[in-house]
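# just need the structure, nothing else, for what follows:
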Amino acid sequence: MLDVEAIRRDFPILSREIHGRRLVYFDNAASTLKPVQVIEAIADFYKKHYANVHRGFHTLSQEASQMYEEAHETLAKFINAYSWDEVVFVSNTTEGLNLVAYAWGLYNIREGDEIVVTVMDHHSSMLPWRRIAEIKRARVRYVGVTQEGYLDYDQLNEVITEKTRVVAFPIASNVLGTINDVKVIVKRAREVGALVVADGAQSVPHMPTNVRELGVDFLAFSGHKMLGPTGSGVLWGRKDVLQELRPFKVGGDTIRDVTLDDVTWLEPPWRFEAGTPNIEAGIGLAKAAEYLMKIGMENVRQHEVELVRYTLKRLVEELGSEVRYYGPRNPEDKTGVVAFNIRGLHFHIVAQALDYLGIAVRSGMHCAHPLHYALRISHEDSPPAEIPQSVDERLRRFGSVRASFYIYNTKEEVDYFIGALTFILMVREQLKTKPVSAVCTGT
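Modelled structure (predicted):
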């Protein structure tokens with residue numbers, strides 16, 4: 001198990017006070033906090049080693065290049081890739097998934113082909129393939145979600161057909177926390193020869209990841225969700241598939257030679273890392289991966305399971321039907337995410353009230369609008385049976401509050417969180433008519 005108190009000492013921001021109260025950071029599914037080790041690694045690079053990579057024979061450039069290349073090796077180790085050259089550094093999961101869609105989809109999808117995504121997909125996984133389908137006149141098909149928050153595997157078998165060229169899905173939902181059965185999805189996709197693209201943004205930071213066992217063709221994840229810097233991320237790809245891809249972006253550091261008539265591309269990963277890369281972010285991400293490997297991803301996973309189990313137990317026993325929460329009830333089936341609504345109180349108001357009590361959460365539809373519509377996730381007791389035509393009305397009526405945990409969160413913080421929700425329930429009617437600041441500060 002984790003030594004959480006020792007871990008917390010590595011995160012200076014946790015000593016901050018918000019509205020006079022010690023910060024409780026429960027917005028980890030959006031982005032995680034940064035330990036001093038990552039901060040210092042970036043500062044050290046700027047102070048002592050900064051230069052551009054792959055462009056100079058002088059000492060600083062050679063040092064920077066070595067550090068940047070070793071960062072690829074560290075991330076390869078983190079996900080148990082066969083080799084560092086399967087690891088492409090990107091700015092985030094979104095860029096990684098777009099890279100696959102445009103570098104593979106534009107050249108391999110044909111008119112009449114089908115692309116399968118899921119209703120629980122983050123927009124970053126769903127929308128690139130919708131754009132490719134629009135360009136190539138292909139068809140996008142969706143795998144639904146059950147009311148319990150699981151992928152509808154019966155529908156999966158029906159939706160994937162001989163026409164399917166791509167199956168894209170999240171390993172874990174960023175709203176429900178649901179951990180999908182990768183082996184089942186991959187097996188069905190392989191039966192029809194489809195490319196398999198996994199969104200690992202919500203899984204890689206929270207559980208052991210072994211790309212040799214996953215069986216997918218591509219896996220993308222973000223560094224900022226696993227203690228690393230903003231603007232860092234990884235697209236892992238099977239080497240044989242990467243070799244076939246044409247670069248998504250072209251320019252400096254992607255080529256071996258250029259004439260007026262031809263171009264010879266570098267081998268992966270460099271052909272996909274055009275221009276001066278975010279060098280310090282890659283180095284910082286490697287330090288974050290080392291930090292997590294030292295802790296042990298099995299321990300990270302177990303810590304989150306225990307926090308979710310404790311949170312759900314207290315929500316049910318103490319707040320009952322006044323709080324509606326979404327996704328699997330079994331903590332083993334989900335990541336450290338608890339999405340919920342307080343009946344009759346708008347999700348943004350709840351999030352603002354929690355902020356005044358020092359607790360950071362996310363509210364809204366979490367870049368997963370179709371999922372909220374499909375499950376009718378709303379603070380209202382009677383959400384509309386039909387999805388409203390008005391965008392403004394949809395945004396007003398559908399959404400949830402999301403608390404999400406990580407390695408530095410504690411049961412004591414959960415206790416405070418439950419107490420805060422109890423207080424919000426007590427002043428619910430006041431919050432509907434008065435400014436949140438007035439109600440939560442007692443003025």
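# wait, isn't residue 371 in contact with residue 170?
No - the criterion here is CB atoms under 8 Å, and residue 371 misses it with residue 170 at 10.2 Å. Quick note: C-beta positions are derived from backbone N, CA and C, even for glycine.
# shared neighbours, those two?
Shared contacts of residue 371 and residue 170 (CB atoms under 8 Å, 6 or more residues apart in numbering): 120-121.
# which parts of the stretch 151-300 of the chain are helices?
153-159, 182-191, 211-214, 239-244, 279-295, 297-314 (DSSP state H, counting those that start in this stretch).
# how about the second one: buried residues?
Applying a neighbour-count criterion of 16 or more other CB atoms under 10 Å, the buried positions in helix 182-191 are 182, 185-186, 188-189.
# okay if I get those residues as CSV plus distance to residue 116?
As requested, the buried residues of helix 182-191 are exported to CSV (distance: CB to CB, whole Å):
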residue, distance to residue 116
182, 14
185, 9
186, 12
188, 9
189, 8
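# between those residues, which is nearest residue 123?
residue 185 (19.6 Å; CB to CB).
# now do the contacts for the closest one.
151, 156, 167, 169, 196.
# out of the residues you listed, who's the most crowded?
residue 167 (29 neighbours; other CB atoms under 10 Å).
# can you report how many residues lie near the closest residue to residue 281 other than its chain neighbours?
Nearest non-adjacent residue to residue 281, counting by CB to CB, 6 or more residues apart in numbering: residue 232, 3.8 Å away. Neighbourhood size, residue 232 [other CB under 10 Å]: 28.
# was I right about residue 425 contacting residue 350?
No - applying CB under 8 Å, one finds residue 425 not in contact with residue 350, separated by 10.0 Å.
# so, low pLDDT: which residues of the chain?
For the chain, residues meeting the criterion pLDDT under 70 lie at 443.
# outline the domain layout of it.
4-30+296-440, 38-294 (automatic domain parsing).
# hey, which of these is tucked in deepest?
domain 38-294 (a mean of 20; mean count of other CB atoms under 10 Å).
# quick one: end-to-end distance for that domain.
14 Å (CA to CA, to the nearest Å).
# also stretch 256-266?
5 Å.
# ok, stretch 349-365 next?
Span of stretch 349-365 from end to end, CA to CA: 14 Å.
# show residues contacting stretch 117-124.
Residues contacting stretch 117-124 (CB under 8 Å, 6+ apart): 93-94, 97-98, 125-126, 129, 140-145, 151, 167-170, 173-176, 178, 199, 201, 367-371, 374.
# now swap in stretch 100-116 and tell me
128-129, 131-133, 135-143, 159-161, 163-168, 189, 194-195, 197, 218, 220, 235, 237, 241, 244-248, 272.
# likewise for stretch 175-183?
120, 145, 149-151, 153, 169-173, 198, 202-203, 207, 214-216, 308, 326-328, 333-339, 365-366, 368, 371-372, 377, 400, 402.
# which SS state does the spatially closest residue to residue 8 that is not a sequence neighbour fall under?
Excluding the flanking residues, the one nearest residue 8 by CB to CB, 6+ apart is residue 408, at 4.9 Å. Assigned with DSSP: H, G, I helix; E, B strand; the rest coil, residue 408 falls in the coil class.
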